[in-house]
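Novice: give me a model of this one.
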Amino acid sequence: MKVYISTGFLPTADILALAAAADRLGYDGVGIPDHVVNFAELTTRYPYTADGERRWPPFTDWPDPWVLIGALAQSTSRVRFVTTVYVAALRDPYSAAKAIGTAAVLAKGRLELGLGVGWCEEEFALMGQPFAGRGKRTEEAVELMRALWAPGWTEHDGEHYRTPRLEMAPDPPPIPVLFGGLTDLALRRAARYDGWVGDLMTTEQALEIVGKLREHRKAIGRAADEFTVLAPLIDVFGPDDLARAEAGGITHILTQPWAYYCKPDAPIDAKIDAMATYRRDFRLDRH
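Specialist: Okay, the predicted model is just below:
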């Protein structure tokens, strides 16, 4: 079982310190969410809460993932970085490929690209990108970005993007692609790539999704044991819960250890102490 630290809703300065601590303490990775802006008012409902309201208050930090990863990579040597999740369809694929590829080079391959198709229609409008068809556009963007990251010349003639013969450097190390989403369409999409990124859920809910992902992988002739399942589980309270999740096929969990031991606004030293305590209490060295 791999354990990643979630940096969602944290002050940017805390993220720098927590990533360095995660590297030192033996955590496996750091999860970094993505939004360009936060609107004062929305017509679009947030799809991951019962009342449709966002989980974060105004003026919460949303640092650019690739600038942040470039910085974090310089103060760490072993933790990996995953976006939870990056909305590529908000951007043109060339700018996205350049930023992602550069971050992967700076991180020396310690990068996993977690993607989502996006939920906020107002954010798409602001960025000048169509909301409709964003799933197919994201899939084509991945195809194009992978070509841009490969050595040599690239040409692409797709439904959404047409690329004349060109090259983009530096060439990054391989970048695994994971997809988020809870619908059957989203799970089928994720099964075609390297992994799936979940939202806050119980272990039982996550294990049900693992079963669906395995079915989708089997249907396309892909092995289940070569697939990442990254889930932020809300009911893991000790090592037995962690073991149950791992036995069921959840390969990575995303957590904020300080939530178990102190308040969310606790000072950074208390958060780092909580990370050390969590490793001991959850017996992470055994996983």
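Novice: with only the CA atoms kept, save stretch 258-275 in PDB.
Specialist: Extracted in PDB, the C-alpha atoms of stretch 258-275 (Å, rounded to 0.1, in the frame of the first residue of the first chain):
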ATOM      1  CA  TRP A 258      -3.000  15.800  10.900                       C
ATOM      2  CA  ALA A 259      -6.800  15.400  10.600                       C
ATOM      3  CA  TYR A 260      -6.400  12.500  13.000                       C
ATOM      4  CA  TYR A 261      -4.400  14.300  15.600                       C
ATOM      5  CA  CYS A 262      -5.000  18.100  15.500                       C
ATOM      6  CA  LYS A 263      -7.100  20.800  13.900                       C
ATOM      7  CA  PRO A 264      -6.900  21.600  10.200                       C
ATOM      8  CA  ASP A 265      -5.500  25.100  11.000                       C
ATOM      9  CA  ALA A 266      -2.800  23.700  13.300                       C
ATOM     10  CA  PRO A 267       0.700  25.100  12.900                       C
ATOM     11  CA  ILE A 268       3.000  23.400  10.400                       C
ATOM     12  CA  ASP A 269       5.100  21.800  13.200                       C
ATOM     13  CA  ALA A 270       2.000  20.100  14.600                       C
ATOM     14  CA  LYS A 271       1.100  18.800  11.200                       C
ATOM     15  CA  ILE A 272       4.500  17.400  10.600                       C
ATOM     16  CA  ASP A 273       4.500  15.800  14.100                       C
ATOM     17  CA  ALA A 274       1.100  14.200  13.200                       C
ATOM     18  CA  MET A 275       2.600  12.800  10.000                       C
END
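Novice: pLDDT on it, on average?
Specialist: When pLDDT is averaged along stretch 258-275, the result is 95.
Novice: buried residues in that stretch?
Specialist: For stretch 258-275, a neighbour-count test (16 or more other C-beta atoms under 10 Å) marks 258, 261, 266, 268, 271-275 as buried. Heads up, the C-betas are built off the backbone N, CA and C, glycines and all.
Novice: ok, residues contacting it?
Specialist: With C-beta atoms under 8 Å, 6 or more residues apart in numbering as the test, stretch 258-275 has contacts from 5, 9, 13-14, 17-18, 21-22, 25, 27, 237, 256-257, 277-278, 281.
Novice: from the chain's centroid, how far away is it?
Specialist: Counting by C-alpha atoms, centre = their mean, to the nearest Å, stretch 258-275 is centred 22 Å from the centre of its parent chain.
Novice: now do stretch 244-261
Specialist: On C-alpha atoms, centre = their mean, the centre of stretch 244-261 falls 15 Å from that of its chain.
Novice: show me what counts as buried in that stretch.
Specialist: So stretch 244-261, judged by 16+ other C-beta under 10 Å, has buried residues 245, 249-258, 261.
Novice: kindly report the same for stretch 121-128.
Specialist: 123-124.
Novice: pLDDT on it, on average?
Specialist: Mean predicted confidence for stretch 121-128 is 98.
Novice: now stretch 215-234
Specialist: Mean predicted confidence for stretch 215-234 is 95.
Novice: now stretch 53-62
Specialist: 97.
Novice: quick one: the helices in the stretch 51-200 of the chain?
Specialist: 65-72, 93-106, 121-126, 134-149, 184-191 (DSSP state H, counting those that start in this stretch).
Novice: for residue 83, find the nearest of those.
Specialist: Residue 83 lies closest, by C-beta to C-beta, to one member of the helices of the stretch 51-200 of the chain: helix 65-72, at 5.0 Å.
Novice: hmm, who's touching the closest one?
Specialist: 12, 15-16, 19, 30, 32-34, 81, 83, 86, 99-100, 102-103, 106-107, 111.
Novice: give me that answer again for 7 Å
Specialist: 15-16, 19, 30, 32, 34, 81, 83, 86, 99-100, 102-103, 106-107, 111 (C-beta atoms under 7 Å, 6 or more residues apart in numbering).
Novice: also stretch 23-30?
Specialist: So stretch 23-30 is in contact with 2-5, 7, 19, 22, 72, 76-82, 275-276, 279, going by C-beta under 7 Å, 6+ apart.
Novice: could I get that stretch in CSV with only the CA atoms?
Specialist: Extracted C-alpha coordinates of stretch 23-30, given in CSV (Å, rounded to 0.1, in the frame of the first residue of the first chain):
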residue,chain,number,x,y,z
ASP,A,23,10.1,12.8,1.8
ARG,A,24,12.0,12.6,5.0
LEU,A,25,9.5,10.4,6.9
GLY,A,26,9.1,7.8,4.2
TYR,A,27,5.7,8.7,2.6
ASP,A,28,5.3,7.6,-1.0
GLY,A,29,3.8,10.7,-2.6
VAL,A,30,2.1,14.0,-2.6
